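> Build the 3D model from these lines:
(one chain, ligands or ions: 1)
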Amino acid sequence: MSKYIFVTGGVCSSLGKGVAAASIGSLLECMDLKVRMIKIDPYINVDAGTMSPYQHGEVYVTDDGAETDLDLGNYERFTSSPLSQAHSITTGQIYQEVIKKEREGRFLGRTVQVIPHITDEIKRRIYLIGEQPEVDITITEIGGTVGDIESIPFLEAARQFIHDLGEKYVLFVHLTLIPMVIGGELKTKPTQHSVKALREIGIQPDILLCRAPYQLDESLKQKISLFTNVEVEAVISAYDIKTSIYEIPLLFHKQRLDEIVLKKLGIPERSTNLNRWENVVNTYNRATRKTKIAIVGKYVDLHDTYKSIHEAILHGGIANNSKIEIKYVDSEKLEKDGKLLEESFSDINGILVPGGFGQRGIQGMIEAARYAREKGIVYLGICLGMQIMVIEYARNVLKLEDADSTEFSPGCRHPVITLLTEQVDIKAYGGTMRLGKNETHLLEGTLIREIYNSPVTSERHRHRYEVSNKYRKAYIEAGLIISGVTPDGSLVEAVEWPNHPWGIGVQYHPEFKSKPFMAHPLFKSFIKASLETARIRNEKSEREN
Ligand code: GLN
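Numbering: from 1, shown residues only. Presented below is the predicted three-dimensional model:
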């Protein structure tokens, strides 16, 4: 029978609860336990698909096409928990289900209430994952901060797990902030308050993860322990990491978090094999090479929007024993000032244009793609970034001046990117795109086929528009290589520039499947090619000096 860990957050948001939950999951896996990860987002939206990247960051997509919170990406990178729609729960989904049952008369005339009906539905969904026979531990991260109105039913449901199963089956981990005030002193009062708020709901945390700028000393841990009733050994110092987030499982292990979890859950002691994380961290720290990559998009002010891409680039670096500097370039600024192009990319060895929606900043991305194609700079286009490649090629090589996507210019003369016929009449926004896992056939003799070393791949999609088949022949005649297609050949999935060191665009999102200890092949190859550019550049400048 599965045991259950709940991870809550206190004081404020953005403390890294997702990475903390994922790190606990990975530590348990390093002890050979089967772990499942669940994220609860207490907002009313049914899923993250319709939410603004500015507010919410990246929308993470699972194999089955669920549009979820970016924390599922952290779970994917740290653990091997399967992830699907069932692993992402929101208030919207819970209420939708309960109201549907009420309309079907399934509550037999009873008054439908938060307790027990809403809490029962929350519990049902968590048990659905935990009760699969192979599962040892189910970790549920409750989004938001204790004290938020929206999270109360979820915390109440979590509390009921102790009532249902008994103390040895449930563990509460609370992530909190120990802020530093002027003068450098660390303050425990906000933590005392947030634990108090949890206890008012009936939850006594077993473990505290204390985020602080530096390590907590023993006396501070004693003080926190005294005020919160958490054993002093279970007050864990989650201080700011200078290197990489992939060091966090090691940091937790050093403070014996794995042992403490087992002890509290009554699981017999077992050894932890941390080789995987030690290798990742050592490679990252010892990397001697370096390259600089630009991400060109319109949401660059909030880096969380490109979270999985950012991480996948770093994984590509680790796979090549290389450090990476990532520069975010605002595509809107690029289009306003032509001179910025040279300025932005003069020290860049690889350009990546990621996914996106809407017209703003598109011209800047097209300029960036043209620059990369003409100057032979390594380029990876993902989803929108591939569509940009196709539009740029139509305008500047096929000389179809008014070539565009109907997403940005519905009446353009050369709609090289258009809606799928089945998308044309859809008016709703939520969950209506081409979503989730689909097969792509990689064509012989292409770079992408060489990179994957396989004739077929399966990757996740999230888009509405496609390369129009009307222009396929013209593209091929003009040299653009169509290197990936759907199994029936009807949709373009990947393109490549001819006579170019490395210019690839893919309609899918490879970044979602990249792991720190197993970089996605496209990112590994992208970074390898950009390191080669860096090497040639260095040699050239040495020769000139
Ligand atoms: N806006 C484009 C489409 O819907 C690209 C989507 C994306 O980049 N995820 O097809």
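> ok, and the helix or strand in this protein with the lowest average confidence?
The least trusted helix or strand in the chain, going by mean pLDDT, DSSP states H and E, turns out to be helix 53-56, with a mean of 81.
> Is there proximity between it and the ligand?
No: if you take C-beta under 6 Å from any ligand atom as the test, helix 53-56 misses the ligand, and the best it gets is 10.4 Å. Where C-beta positions appear, they are placed from N, C-alpha and C, glycine not excepted.
> what helices or strands is that helix leaning on?
Contacts defined by 3 or more C-beta pairs under 8 Å, 6 or more residues apart in numbering; DSSP states H and E place helix 53-56 against no helix or strand at all.
> which residue is nearest the middle of the protein?
residue 73 (3.3 Å; C-alpha atoms, centre = their mean).
> and residue 311, how many neighbours does it have?
23 (other C-beta atoms under 10 Å).
> and it, what element?
Assigned by DSSP states H and E, residue 311 belongs to helix 307-319.
> Residue 32 too?
When elements are assigned from DSSP H and E, residue 32 belongs to no helix and no strand.
> Quick check: phi and psi on it?
phi 70, psi 30 (degrees, to the nearest 10).
> next one: the one 5 residues further on
Its backbone dihedrals place residue 37 at phi -110, psi 140, with angles given as degrees, to the nearest 10.
> Please identify which helix or strand holds residue 272.
Using DSSP H and E, residue 272 maps to neither a helix nor a strand.
> okay, it: pLDDT?
pLDDT for residue 272: 94.
> what's the spacing between it and residue 241?
From residue 272 across to residue 241, the span is 19 Å (C-beta to C-beta, to the nearest Å).
> Each with direction, which strands does the helix or strand just after the least confident helix or strand of the chain pair with?
Per DSSP H and E, helix 53-56 leads on to strand 60-61 as the next helix or strand towards the C-terminus. Sheet partners assigned to strand 60-61 using DSSP bridges are listed as strand 67-68 (antiparallel).
> mind listing what's buried in the longest helix anywhere in the chain?
The longest helix of the chain (DSSP state H) is helix 521-544. Within helix 521-544, the residues that qualify as buried are 521-531, 533-534, counting by 16 or more other C-beta atoms under 10 Å.
> so, if you compare those, which one comes nearest to the ligand?
When the buried residues of helix 521-544 are compared for distance to the ligand (C-beta to the nearest ligand atom), residue 522 wins out at 15.5 Å.
> With adjacent residues omitted, what lies nearest to the closest one?
In space, residue 522 comes closest to residue 510 once its chain neighbours are excluded; the distance is 4.7 Å by C-beta to C-beta, 6 or more residues apart in numbering.
> before we move on, back to that, got TSV for the buried residues of helix 521-544, with pLDDT and distance to residue 131 too?
Output for the buried residues of helix 521-544, formatted as TSV (pLDDT from 0 to 100; distance: C-beta to C-beta, whole Å):
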residue	pLDDT	distance to residue 131
521	98	36
522	98	37
523	98	36
524	98	38
525	98	41
526	98	41
527	98	42
528	97	44
529	97	47
530	97	47
531	96	48
533	90	52
534	87	51
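> Out of those residues, the closest to residue 471 would be?
residue 522 (24.6 Å; C-beta to C-beta).
> Residue 134 reaches residue 34, doesn't it?
Yes: the criterion here is C-beta atoms under 8 Å, and residue 134 meets it with residue 34 at 5.2 Å.
> With adjacent residues omitted, what lies nearest to the residue of the stretch 101-250 of the chain found nearest the ligand?
Among the residues of the stretch 101-250 of the chain, residue 143 lies nearest to the ligand; the distance is 23.2 Å by C-beta to the nearest ligand atom. Nearest residue to residue 143, sequence neighbours excluded (C-beta to C-beta, 6+ apart): residue 41, at 4.5 Å.
> and that neighbour, what pLDDT?
Reported pLDDT for residue 41: 95.
> Then residue 298?
Residue 298 is assigned 90 on the pLDDT scale.
> when you give positions from now on, start the count at 2
Happy to do that; since the first residue is 2 now, the last one works out to residue 299.
> residues contacting it?
Residues near residue 299 by C-beta atoms under 8 Å, 6 or more residues apart in numbering: 331, 332, 333, 357, 361, 362, 365.
> Look up the closest residue to the third one, ignoring the ones flanking it.
Taking C-beta to C-beta, 6+ apart as the measure, residue 333 lies nearest to residue 362, with 4.3 Å between them; neighbours along the chain are not counted.
> so that neighbour makes contact with residue 332?
Yes: with contacts counted by C-beta under 8 Å, residue 362 reaches residue 332, the gap being 3.7 Å.
> and those two? which has more neighbours close in?
Neighbour count, other C-beta under 10 Å: between residue 362 and residue 332, residue 332 has more, with 24 against 20.
> What distance do you get for the closest residue to residue 193 other than its chain neighbours to residue 204?
Nearest residue to residue 193, sequence neighbours excluded (C-beta to C-beta, 6+ apart): residue 228, at 4.6 Å. Going from residue 228 to residue 204 by C-beta to C-beta gives 16 Å.
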